[in-house]
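Peer 1: when you get a sec, could you give me coordinates for this:
(2 chains)
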Amino acid sequence: MEKGQLKERLASAASMPKDVVMKAAVVTAIGNFEVCIENYRGITEYTECLVRVQAKGGQIRISGKRLQVEYYTNDEMKITGRIENIEFADRGNKE
Amino acid sequence: MIRSFIRFLRGYVRIRVQGFSPERFLNMCSYHDIYVWGLFPAGSGYEMYLSTADFKKLKPLAKKTHTRISLTERRGFPFFLFRYRKRKLFFFGLLLCIILLKIYSLFIWDIHFEGNEKWTDETLAEYLRSTGVEPFMPKSRVDCPDIVKNIREEYNDIVWVSASVDGSRLKIQVKENEDTLLDTDDPEKGEEDAGSIDKAADTIPDGQHPTDLIASADGVITSIVTRSGVPQVHAGDQVQKGDILVLGRVDVVNDSGEVTGYQYQKSDADIFADTSLEYSNSIDRTYQQKVYDDREKKQLYVKIGDYSVSAGSAANDYEHSELSVKEWQIKAGENFYLPVLLGIRTAKSYTFQEKSYTDEEIRQILSADFFQFCKDLEEKGIQILGNSVKINLYADSAAAKGTLYLNERITETADTEILTIERKETDESVGTDD
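Peer 2: Next up is the predicted model:
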């Protein structure tokens, strides 16, 4: 945790983009029908109503209806459908 | 759009991944840079699209992740061709299409003109045809510099030409000299006037015969501005038709005031005069009106060269009939007319009915005619000062009669009378004086 905080401070001090320095996930939501995720590690679960994506800081859970992965590459994925929740879960309380 | 087209061209497949951990398989795919799209859960696994090239790389991944991959669909152009590989005619047609496209692109199909105002497209196309440049000529025979040279030589007032082949279209851009549209007089007049001073008396400038300006109508001169020649009248003078207004012969006098010779020139002046014009117009009260009945005959026809095929007939036995023809010539592009005409010939039957105008109608017709007459005069640059035209109604006709008072240009050119002077006498007299 210490290391992470230090990095965050450094990044803010040097005004460097945190997604590069800390390898944090970038989640871009457009309305409630499209979510783009960058800087992730992989998909851990994918059903029509829940997509779990593993990122560096923890897990990102996107729940909704009729979710579909439009495309899935090494650095970016796009999920469409009716999105109801975007949650960030800590690494500690994995399900 | 482009991406999906490229995908289609290369071919792609839809697969179903089932097994213990299909997510792991997905992550492996992204790790190995395999582009996956249209992913959705199906049953206990996933279905997704990937390109045929990537599909071949999947075997080791499937083995490692203990998943089973099944191909559910093949899509794209390579598969399309494979599916229809037995249809020989289809491939023949495709080949023929490519060959025809190539052959057609070897010809000029259209000539496009730009920038021409005075010379119409038709005129220029007609001229080009006479030099052998026309639609359906091989592209290799088009010689752009030659076309440019020809047009420049043929049309003096086209100051700039550019010809270029744009696909199967010949594009000709021209720039006309706009000054020549306004200046219709000979441009060398000034120089000739200057030259004539130096010349000996009694000479006529080259290539120009001297002219007078004479009155074209009776009237009273209101203004006179002379540019060349000797004015013979003043503003306020009464002139008769045929009177000389400006003389094209200038006297050359010696020191003692005697005329030793003449200089001739083309007279030029703006002379306006008040004139009058008699106006009369009469119409009968009764007239025959065409009344169409519903009978008509139509003939449709297609004309190809000298041959024509028609449907129906316009031949009829009506007492009075009106025959109208409408034709359309089919053209490819802008200027490439095909020798195919479509036409409709219509014969309409009508009868005459005797009718008569009411007072009000006849008055309206006569005054409309008169206004049109005035408008025509004004368009010619004639100023109308007033009129005394009255409409008289009679039992079986009506007439508009009266005088129009106008102010108009009354010049008309006429040849100058050439006078000769016996020069020897004058020379001698000058000699004796000395």
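Peer 1: for residue 46, list each beta-bridge partner.
Peer 2: You didn't say which chain, so I picked chain A. Beta-bridge pairing for A:Y46 (DSSP bridges): A:V51.
Peer 1: oops, I was thinking of chain B
Peer 2: With DSSP bridges as the criterion, B:Y46 is bridged to B:V17, B:P41.
Peer 1: my read is that it contacts B:L39, right?
Peer 2: Yes: between B:Y46 and B:L39 there is a contact under C-beta atoms under 8 Å: 5.9 Å. (Glycine included, C-beta is placed from N, CA and C.)
Peer 1: buried residues, stretch B:373-381. List them.
Peer 2: Using 16 or more other C-beta atoms under 10 Å in any protein chain shown as the test for burial, stretch B:373-381 gives B:373-374, B:377.
Peer 1: in three-state terms, label B:E334 for me.
Peer 2: coil (DSSP: H, G, I helix; E, B strand; the rest coil).
Peer 1: neighbours of it, how many?
Peer 2: The tally of other residues near B:E334 (other C-beta atoms under 10 Å in any protein chain shown) stands at 15.
Peer 1: over to B:T351?
Peer 2: Residues near B:T351, counting by other C-beta under 10 Å, number 13.
Peer 1: from the buried residues of stretch B:373-381, which are also near chain A?
Peer 2: Of the entries in the buried residues of stretch B:373-381, none also sits close to chain A under the rule C-beta under 8 Å from any C-beta of the partner chain.
Peer 1: output the below-cut-off pLDDT ranges for the stretch 251-400 of chain B.
Peer 2: Within the stretch 251-400 of chain B, the stretches with pLDDT under 70 are B:333, B:335.
Peer 1: how about the strands in it?
Peer 2: Listed in chain order, the strands of the stretch 251-400 of chain B (DSSP state E, counting those that start in this stretch) span B:259-264, B:268-284, B:286-304, B:307-311, B:320-332, B:336-356, B:383-387, B:390-393, B:397-409.
Peer 1: and chain A, which of those strands is closest to it?
Peer 2: Of all the strands of the stretch 251-400 of chain B, strand B:320-332 sits nearest to chain A, with 45.6 Å by C-beta to the nearest C-beta.
Peer 1: partner strands of the closest one and their direction?
Peer 2: In the sheet, strand B:320-332 lines up against strand B:336-356 (antiparallel) (DSSP bridges).
Peer 1: picking that back up, just give me the closest of the buried residues of stretch B:373-381 to chain A.
Peer 2: In terms of C-beta to the nearest C-beta, no member of those lies closer to chain A than B:C374, at 70.9 Å.
Peer 1: isn't the closest one right up against B:I384?
Peer 2: Yes: with contact defined as C-beta under 8 Å, B:C374 counts as touching B:I384 (5.8 Å).
Peer 1: now for those two: what residues contact both?
Peer 2: B:L404 (C-beta atoms under 8 Å, 6 or more residues apart in numbering or on different chains).
Peer 1: three-state assignment of B:A53?
Peer 2: At B:A53 the chain is in helix, as set by three-state DSSP.
Peer 1: OK, contacts around the residue nearest to B:M137 when sequence neighbours are not counted?
Peer 2: Leaving aside its sequence neighbours, B:M137 sits nearest to B:I108 (C-beta to C-beta, 6 or more residues apart in numbering or on different chains; 5.3 Å). Going by C-beta under 8 Å, 6+ apart, B:I108 touches B:135-139, B:142, B:165, B:168-170.
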